[in-house]
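A.B. asks: Sequence and predicted structure, then a few things I'm wondering about:
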Amino acid sequence: MNLFKSPLQELKSGIDKVQAELNDIQSVLKIVPQRCQELLSELPEETKCSKLKEHLQNIIKTCNEVIKNITDIKPSDPLAFPELQKHFLSAYEAASPAYICQKYGNKPGDNYHFATLYDRARRMPLYSAYKMDRSGTPKRKGGIINYEPQLVHWDAPESKQKSIRDINTFIKDHNGVNKCPERHPDVRIAYKLRWSQATDDDFTSFDRGHLNPAGHHAEGDGSEATMTFTNVAPQSKIMNNGPWNDYETKLRIKYGGDFKSDKDMVRLEITQTQIQNCHNLYVVTGVVPGNTWQFGRVNVPSYYWSAHCCTRMDQNNEVPVLSGGALCPNRDDGEVEEFDSVDKLEVKLKTLIEKELHLKLNNPIHIFDKCVPQLTRSKSLPSIPSDSVVPLKPKRPKEYK
């Protein structure tokens, strides 16, 4: 796997340089005790030389201790331990994108709530796909607190979202089981976590912009499952709390049937027939990658977009009723542009991606297949062409912690 070998080779190159420098220091230090020993042997047995002898003996002792300590801290070559390659550094395979089935809670059932396509290199989600809870009372609880263990180690048996305390315990246990020595900076808990995904420190200048908003789900696991760093990207605070929040609320009211008066139906341009025919609402919300980065680690999207498909049940089949979408520049002055058909949004997205990422797409963008949602795990996820996102290699965190 080329994506796996490249980080290993990069790590090995850095280790080789450190080893070479430590070897040079050791070589010099080995000469010092030898010379001191030679001087000791030449000194007469007179009392007046006892102080000098003591200093020379201390120098010999200190040099030998330093030489031993250097030997202890020398990093091992990961390529010299084939049995550890998979587990020791599986955090650095960094295959992008990563398909995440967002799992949260301990209730009976599989506890999968929505799907996310995560860009490891840009450390942000490209889109989240979900079914809006049209009947429950929406309520947000708490903040963004959870991390995805399978981004840290793809071979992790447990895929459920974890808090910062639980994810740290998970990494520590993984290191212990696989005998990964934590004297290696790359094995340390904070470094592994920051390599794999965005963390709380990456959002100082931006809001944690939900792709799947908590407000589109009833209070409980469905809402709390959205509180993960794999479901948020850097978003303008003004845009997030202004026009984009207004659009999310509008979508909830429009298709959730939370109308306070007939004036709401007129304002939202929806008829009673449409409400009655809409049994399920499927939403895919995503971003267009931008050309700026937060701390050189997390990409700042240039646009946020959202597409929805409303269906009704006809016996055992879902029949599309209507679709739509929205697009908004990720700026303080960003204004939401709405589309009355998902097809129109797809055309606009293709143009934007080609412009923002300076590439030519060979295929059209299809968010829904004929507006029939494909969000179950037995089917494919909504398709965005593979050439729509420029492949990148993840940038390592600058600091070792």
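C.D. replies: Alright, I've got the coordinates. Numbering: from 1, shown residues only.

A.B. asks: Output the lowest mean pLDDT helix or strand found in this protein.
C.D. replies: Counting by mean pLDDT, DSSP states H and E, the chain has its least confident helix or strand at helix 82-88, which shows a mean of 45.

A.B. asks: quick one, helices of the stretch 51-200 of the chain?
C.D. replies: According to DSSP state H, counting those that start in this stretch, the stretch 51-200 of the chain carries its helices in the segments 82-88, 149-152, 164-177, 189-196.

A.B. asks: Let me have those helices in a markdown table, extended by mean neighbour count and distance to residue 21.
C.D. replies: In this view, the C-beta of every residue, glycine as well, is placed from N, C-alpha and C. As requested, the helices of the stretch 51-200 of the chain are arranged in a markdown table below (neighbours: other Cβ atoms under 10 Å; distance: least, Cβ to Cβ, whole Å):
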| stretch | mean neighbour count | distance to residue 21 |
| --- | --- | --- |
| helix 82-88 | 14 | 23 |
| helix 149-152 | 22 | 30 |
| helix 164-177 | 16 | 26 |
| helix 189-196 | 21 | 21 |
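
A.B. asks: Out of those, which is closest to residue 98?
C.D. replies: Of all the helices of the stretch 51-200 of the chain, helix 149-152 sits nearest to residue 98, with 6.2 Å by Cβ to Cβ.

A.B. asks: elements contacting the closest one?
C.D. replies: Helix 149-152 makes packing contacts with strand 98-103, helix 164-177, helix 189-196 when contacts are defined by 3 or more Cβ pairs under 8 Å, 6 or more residues apart in numbering; DSSP states H and E.

A.B. asks: closest to residue 337 out of those?
C.D. replies: Closest approach to residue 337 among those is made by strand 98-103 (28.0 Å; Cβ to Cβ).

A.B. asks: How far away from the center of its chain is that closest one?
C.D. replies: 11 Å (Cα atoms, centre = their mean, to the nearest Å).

A.B. asks: Can you mark which positions in it are buried?
C.D. replies: Under the neighbour-count criterion of 16 or more other Cβ atoms under 10 Å, strand 98-103 has 98, 100, 102-103 buried.

A.B. asks: which one of the residues you listed sits closest to residue 111?
C.D. replies: Distances from these to residue 111 were compared by Cβ to Cβ; the smallest belongs to residue 103, at 5.2 Å.

A.B. asks: shouldn't that closest one be in contact with residue 161?
C.D. replies: Yes - counting by Cβ atoms under 8 Å, residue 103 touches residue 161, with 6.5 Å between them.

A.B. asks: Spit out the residues that contact these two alike.
C.D. replies: residue 225 (Cβ atoms under 8 Å, 6 or more residues apart in numbering).

A.B. asks: JSON lines for the helices of the stretch 51-200 of the chain, including distance to residue 57?
C.D. replies: Compiled in JSON lines, the helices of the stretch 51-200 of the chain are given as follows (distance: least, Cβ to Cβ, whole Å):
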{"stretch": "helix 82-88", "distance to residue 57": "41"}
{"stretch": "helix 149-152", "distance to residue 57": "50"}
{"stretch": "helix 164-177", "distance to residue 57": "41"}
{"stretch": "helix 189-196", "distance to residue 57": "41"}
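
A.B. asks: Between those helices, which one is closest to residue 323.
C.D. replies: The closest approach between residue 323 and any of the helices of the stretch 51-200 of the chain, judged by Cβ to Cβ, belongs to helix 149-152 at 31.3 Å.

A.B. asks: for the closest one, the distance to its chain's centre please.
C.D. replies: The chain centroid and the centroid of helix 149-152 are separated by 9 Å, computed with Cα atoms, centre = their mean.

A.B. asks: same check, this time on stretch 289-303
C.D. replies: Distance, centroid of stretch 289-303 to centroid of chain: 13 Å (Cα atoms, centre = their mean).

A.B. asks: okay, that stretch in PDB with CA atoms only?
C.D. replies: C-alpha atoms of stretch 289-303 as PDB (Å, rounded to 0.1, in the frame of the first residue of the first chain):
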ATOM      1  CA  PRO A 289     -12.400  22.600   0.000                       C
ATOM      2  CA  GLY A 290     -10.700  25.900   0.100                       C
ATOM      3  CA  ASN A 291      -7.200  27.300  -0.400                       C
ATOM      4  CA  THR A 292      -6.500  28.400   3.100                       C
ATOM      5  CA  TRP A 293      -5.600  26.400   6.200                       C
ATOM      6  CA  GLN A 294      -6.000  26.700   9.900                       C
ATOM      7  CA  PHE A 295      -2.600  26.400  11.600                       C
ATOM      8  CA  GLY A 296      -1.400  24.600   8.400                       C
ATOM      9  CA  ARG A 297      -3.400  21.500   9.500                       C
ATOM     10  CA  VAL A 298      -7.100  21.900   8.900                       C
ATOM     11  CA  ASN A 299      -8.500  23.100   5.600                       C
ATOM     12  CA  VAL A 300     -10.900  26.000   5.700                       C
ATOM     13  CA  PRO A 301     -13.800  25.300   3.200                       C
ATOM     14  CA  SER A 302     -14.600  27.900   0.600                       C
ATOM     15  CA  TYR A 303     -18.300  27.000   0.500                       C
END
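
A.B. asks: what comes up buried for that stretch?
C.D. replies: 289-290, 294, 297-303.

A.B. asks: what mean pLDDT does it have?
C.D. replies: The predicted model assigns stretch 289-303 a mean pLDDT of 92.

A.B. asks: One more: stretch 346-353?
C.D. replies: In this model, stretch 346-353 carries a mean pLDDT of 92.

A.B. asks: Pull out the C-alpha coordinates of it and format them as CSV.
C.D. replies: Output for stretch 346-353, consisting of C-alpha atoms alone and laid out as CSV, is shown next (Å, rounded to 0.1, in the frame of the first residue of the first chain):
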residue,chain,number,x,y,z
GLU,A,346,-25.1,19.7,-8.7
VAL,A,347,-24.3,21.7,-11.8
LYS,A,348,-23.2,24.7,-9.6
LEU,A,349,-21.1,22.5,-7.4
LYS,A,350,-19.2,21.1,-10.3
THR,A,351,-18.4,24.6,-11.5
LEU,A,352,-17.3,25.7,-8.1
ILE,A,353,-15.1,22.6,-7.4
